[in-house]
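Asker: pasting the sequence and the predicted model now:
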Amino acid sequence: MRVWKFGDNVDTDQIIPAEYLTTADPEKLAPHVFAKVRPDFAVSVQKGDVIVAGHNFGCGSSREHAPRALKGAGIKCVIAKSFARIFFRNAINIGLRLIEADIYDKVSDGDEIDIDFKRGIIRNLTKNEEYAFKPLPEFMEKLLEMGGLVPYVKERLREKKK
Amino acid sequence: MGGRTIAEKILSAKAGVERAEPGDILECEIDYVMVNDITGVPAFEVCEEIGAGMLNERVVVVQDHYVPAKDIPSAEQAKALREFALKYKTHYYEIGKGGICHQVMIEEGFVAPGRLIVGADSHTCSYGALGAFATGIGSTEAGVVFATGKLWFRVPETQKFVVEGSLRPFVCGKDVVLHILGEIGVAGSKYKAQEFYGSTIKELSLSDRITIANMSVEAGAKTCIFPPDEKVFSFLKGRVRGEYEPVYADDDASYDEIFEFNAEEIVPMVAKPFSPDNVVPASELSDEEIDQAFIGSCTNGRIEDLRLAATILKGRKVHPSVRMIVVPASQSVFKQALRERLIEIFLEAGAFVCSATCGACLGGHLGVLAEGEKCISTTNRNFIGRMGHKNAEVFLASPAVVAASAVTGKITDPSHLLS
């Protein structure tokens, strides 16, 4: 998994500019991820790649198009020092994995890493280092495991009917 | 066990629990859920996928972002939304019959003290000015609310903001919130609820309180709540849908942080590119030439904002090198502005005036910026590429600063224009 490094306060206008909000389809949004601020990203990102960012990732507009676009582009996980509130919810609700961990100064753009979600370990294959991370609150981990809010809600409705 | 804040009270009441502490995860009953043309269609699709019906009387649909349709894809998106809204008989506000979603929610009586309201748009927090717990959410969870009427929340910590003293001439709610953003930064209220108190706040119009609540999300806040008073109650008389019960914090409620501000120290402010917290007094930017001046948006598109701009523009002209755009936040505000002859003032001055839309605020249409252009605007965000080209610049300010700047062609403190 290749690391794409971003700084602090990456807002959702950067992630997916307004002119593309005429669809919510992750596949159609993917080509425009970071269109204005980092045009090489959409062209070069591979399925399974990871974003490592600073503070307040995903701030600004509530557009769910932001995590959808990242997911559509193949991003497996966003690792940030901290997340903005609405982006955090949106990502979990659609099953985009998030890790809150401060590994920003330890990794470089282009590093290859591996993530063991169960054991809470990020392995930097390029630098031969390991970093531990804490899981999210149980409820949020459950949503992610189930693939997001919709599978969770459907399961609960099924259980109610029994 | 100490007292509770407004946020703690509202969330625990809606979850049907005695009390809740910050950090608890609750499932709460939602009073209203709102979606607009860029967030609505996925919400309806999710609701259909869940297949458990829809609580249509709690759903409000407003066409506002790409209004009127800016191209074929937006027209198709608006059409899909329209068809869903009509199919399920939700509340629906068509172009020409509503306005910007947040203005409509407030004008049409959906918002009231003590309610829990969510919207698929980050500036839903605006409704806290009327004492509701209101917060922005995404489309998927909006669809879940359509189907179940409930949503999960993490109970936030609450911060107390106290503003005392009298505001200077031409200083308004926008300057207060920009001043605060400059002090606490774009993550200063991350995940927290804000509550506002103090003599300044008491004196502020409901419109100015809405501006402050509106931009709380720019500090990362989950919600911003003003304890409701007579200004809220009289606004809601004859307008509100249903009954409501105001909620107030206990005297011994526990606050994470308390911020105190002296209103007399607040001057007309401007947020420079590329962050709403990059704030300086307007007087420090008097050499900054502008190309476009924009008055409108959910932040500052109300009749009070238009009146303020009109007092400055009356008898004056928009500078030859500036294009000025004025957009009332709703059909109702536009009609009121016509009745008060404000529109004439804007037209005489040389401004472009159009019907309610989010328009240029998010770089959608009706005022997109070219490379290198600068816009001073009453909107709420100035991130890279927000209003158009990535090398364009947006400066955020009050209607008074924007109007004064439109006249001189440079960023202007209104008190300097009038001296």
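Answerer: In hand now; what should we look at? Computed from a predicted structure; not experimentally measured.
Asker: so which bits of the longest helix along chain B are buried?
Answerer: Secondary structure of chain B per DSSP state H: the longest helix is helix B:72-88. Residues B:73, B:74, B:77, B:78, B:81, B:82, B:84, B:85, B:88 are the ones in helix B:72-88 that count as buried (16 or more other CB atoms under 10 Å in any protein chain shown). Every C-beta, even on glycine, is put in place using the N, C-alpha and C of the backbone.
Asker: which of those are close to chain A?
Answerer: Restricting these to those near chain A by CB under 8 Å from any CB of the partner chain leaves B:73, B:74, B:77.
Asker: identify, from those residues, the entry nearest to chain A.
Answerer: residue B:73 (3.6 Å; CB to the nearest CB).
Asker: contact partners of the longest helix of chain B?
Answerer: Residues outside helix B:72-88 that contact it (CB atoms under 8 Å, 6 or more residues apart in numbering or on different chains) are A:22-23, B:35, B:37-38, B:40-41, B:44, B:54, B:56, B:59, B:61, B:63, B:66-67, B:69, B:90, B:92, B:94.
Asker: in helices, which of those residues fall?
Answerer: B:40, B:41, B:44.
Asker: near chain A too, which of those?
Answerer: Near chain A, by the rule CB under 8 Å from any CB, you find residue B:41 out of these.
Asker: would you reformat the ones in helices among the contacts of helix B:72-88 as a markdown table and include distance to residue A:43, neighbour count and pLDDT?
Answerer: A markdown table is the format used below for these (distance: CB to CB, whole Å; neighbours: other CB atoms under 10 Å in any protein chain shown; pLDDT from 0 to 100):
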| residue | distance to residue A:43 | neighbour count | pLDDT |
| --- | --- | --- | --- |
| B:40 | 31 | 29 | 98 |
| B:41 | 28 | 22 | 98 |
| B:44 | 33 | 25 | 98 |
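Asker: as TSV, the ones in helices among the contacts of helix B:72-88 with distance to residue B:282 would be great.
Answerer: Formatted as TSV, the ones in helices among the contacts of helix B:72-88 follow (distance: CB to CB, whole Å):
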residue	distance to residue B:282
B:40	37
B:41	40
B:44	43
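Asker: quick one: the strands in chain A?
Answerer: A:3-5, A:50-53, A:77-80, A:97-100, A:113-116, A:121-124, A:129-132 (DSSP state E).
Asker: out of these, the one nearest residue B:343 is which?
Answerer: Ranking those by their distance to residue B:343 (criterion: CB to CB) puts strand A:50-53 first, at 45.4 Å.
Asker: and the contacts of the closest one?
Answerer: Taking CB under 8 Å, 6+ apart as the rule, strand A:50-53 contacts A:1-8, A:10, A:57, A:70, A:75-81, A:103-104, A:107, A:113, A:115.
Asker: if any of those residues are buried, give me the ChimeraX selection for them.
Answerer: Here is the ChimeraX command that selects the buried residues among these (16+ other CB under 10 Å):
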select /A:1,3,4,6,8,10,57,70,75,76,77,78,79,80,81,103,104,107,113,115
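Asker: which ones among the contacts of strand A:50-53 also lie next to chain B?
Answerer: Near chain B, by the rule CB under 8 Å from any CB, you find none of these.
Asker: check the ones next to chain A among the buried residues of helix B:72-88 against residue B:344 and report the nearest one.
Answerer: Closest to residue B:344 out of these is residue B:74 (31.4 Å), distances taken as CB to CB.
Asker: domain ranges for chain B?
Answerer: Chain B is divided into the following domains under automatic domain parsing: B:6-240+B:253-261, B:269-413.
Asker: could I get those domains as CSV with distance to residue A:34?
Answerer: Formatted as CSV, these follow (distance: least, CB to CB, whole Å):
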stretch, distance to residue A:34
domain B:6-240+B:253-261, 19
domain B:269-413, 10
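Asker: biggest helix in chain A by residues?
Answerer: Assigned via DSSP H, chain A shows its longest helix as helix A:149-161.
Asker: sort out which residues of that helix are buried, please.
Answerer: A:149, A:150, A:152, A:153, A:154.
Asker: mind checking how far the fourth one is from residue B:278?
Answerer: In this view, residue A:153 and residue B:278 are 40 Å apart by CB to CB, to the nearest Å.
Asker: same question for the third one.
Answerer: With distances defined as CB to CB, the gap from residue A:152 to residue B:278 amounts to 39 Å.
Asker: cool, the last one as well?
Answerer: Here the distance between residue A:154 and residue B:278 works out to 44 Å (CB to CB).
Asker: wait, what's in contact with the closest residue to residue A:72 other than its chain neighbours?
Answerer: Nearest residue to residue A:72 in three dimensions, chain neighbours excluded: residue A:26, at 2.9 Å (CB to CB, 6 or more residues apart in numbering or on different chains). Going by CB under 8 Å, 6+ apart, residue A:26 touches A:68, A:69, A:71, A:72.
Asker: I'd say the third one and residue A:93 touch.
Answerer: It stands for residue A:71. No. Contact criterion CB atoms under 8 Å: residue A:71 and residue A:93 do not qualify, at 11.4 Å.
Asker: of these two, who's got more company?
Answerer: Per other CB atoms under 10 Å in any protein chain shown, whichever of residue A:71 and residue A:93 has more neighbours is residue A:93, with 26 against 20.
Asker: phi, psi of residue 136?
Answerer: Going with chain A. phi -70, psi 170 (degrees, to the nearest 10).
Asker: switch to chain B, that's the one I care about
Answerer: Dihedral angles (degrees, to the nearest 10) for residue B:136: phi -80, psi 140.
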